[in-house]
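[1] Attaching a predicted model along with its sequence, questions to come.
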Amino acid sequence: MIRCILFDLDGTLVDSYDAITESLNAARSAFGESAYTRQEVTKMVGHGLENLMEKALGPDRVAEGVRVFRDRYREISLPGTRLLAGVEATLKTLQARGYALAVITNKPSTFSRRILDHLGVGHHFPVLYGPDLAPAKPDPEMVSRSLSDLGFSPDEAVLVGDMRVDLDTARNAGIPFYAVATGSDSREDLAAAGPDRLLDRFEDLLSLFPPLPAENSVPSS
């Protein structure tokens, strides 16, 4: 019985690609490089900021690029990020149905927590891990730490995400993966990767997770 649902952040719960694109282009500009489009950046993200910066600027410019990116992102991440369609109501319903919810993301936890709180859904996630707290995905440690913190075993959990790296994380952790094609990877790419389920909409989670029996549910906050 699934009792715990883990979520990726960018492309799964929120659309922060405008803010990421602007911040990455600020770093590119600092080195005299031309700007990327939002579409180009969307395909590049998901594996951590240092990885993104190496793709965008090369290995010798990562440290300074990260500094410029973070300075700009700190200014624009809140106004430049929005919840994806159906997320707010779905999270509220899942929690009311007794499920424990957590976030595991390759975005630093400080930014992630700040964004979720600003968007009014942070209270749904008592546990949140980023690469500043545990090894980045696809390493399974974020999953194992989240489950340990919440008191669940792998056979009681599922991971919901928008990228192949999330699928690999779930496989490495020994839990199912449900894909939503609302982020970096296309529906065709996700289908080819073989998720346990490929959802048409985020709200489809509600048809998969009915109310838990009272003795198995987690009290809602």
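    Done, it's in.
[2] Assumed Leu6 was part of a helix.
    No - counting by DSSP: H, G, I helix; E, B strand; the rest coil, Leu6 is not part of a helix but strand.
[3] Count the residues that sit near it.
    29 (other Cβ atoms under 10 Å). Yep, even glycine has a C-beta here, placed from its N, CA and C like the rest.
[4] Leu159 is in contact with Ala173, correct?
    Yes - using Cβ atoms under 8 Å, Ala173 makes contact with Leu159 at a distance of 7.4 Å.
[5] the more surrounded of those two?
    Neighbour comparison, Ala173 and Leu159: the larger count goes to Leu159, with 30 against 24 (by other Cβ under 10 Å).
[6] these two touch, right, the more buried one and Asn172?
    No - the criterion here is Cβ under 8 Å, and Leu159 misses it with Asn172 at 10.4 Å.
[7] Touching both of those two, which residues are there?
    With contacts taken as Cβ atoms under 8 Å, 6 or more residues apart in numbering, the residues that reach both Leu159 and Asn172 are Val143.
[8] where's stretch 152-169 relative to the chain centroid, distance-wise?
    11 Å (Cα atoms, centre = their mean, to the nearest Å).
[9] can you pull the buried residues of that stretch?
    152, 154, 156-169 (16 or more other Cβ atoms under 10 Å).
[10] now stretch 120-130
    Val121, Gly122, His124, Phe125, Val127, Leu128, Tyr129, Gly130.
[11] will you turn those residues into a markdown table that also has distance to Arg187 and secondary structure?
    Below are these laid out as a markdown table (distance: Cβ to Cβ, whole Å; DSSP: H, G, I helix; E, B strand; the rest coil):
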| residue | distance to Arg187 | secondary structure |
| --- | --- | --- |
| Val121 | 25 | coil |
| Gly122 | 29 | helix |
| His124 | 26 | helix |
| Phe125 | 26 | coil |
| Val127 | 29 | strand |
| Leu128 | 27 | strand |
| Tyr129 | 27 | strand |
| Gly130 | 27 | coil |
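[12] Tell me who's in contact with the residue lying farthest from the centre of the chain.
    In the chain, the residue that sits farthest from the middle, by Cα atoms, centre = their mean, is Gly32; the gap is 30.7 Å. Residues counted as contacts of Gly32 (Cβ under 8 Å, 6+ apart): none.
[13] Then the one 3 residues further on?
    When contacts are counted by Cβ under 8 Å, 6+ apart, Ala35 touches Asn25, Arg28, Ser29.
[14] helix, strand or coil for it?
    Under three-state DSSP, the three-state class of Ala35 is coil.
[15] Arg67 is in contact with Ala30, correct?
    No - counting by Cβ under 8 Å, Ala30 stays clear of Arg67, with 9.2 Å between them.
[16] Which residue of those two possesses the greater neighbour count?
    Per other Cβ under 10 Å, whichever of Ala30 and Arg67 has more neighbours is Ala30, with 16 against 13.
[17] Once you drop chain neighbours, what's closest to Arg187?
    In space, and not counting its chain neighbours, Arg187 is closest to Ala181: 3.8 Å by Cβ to Cβ, 6 or more residues apart in numbering.
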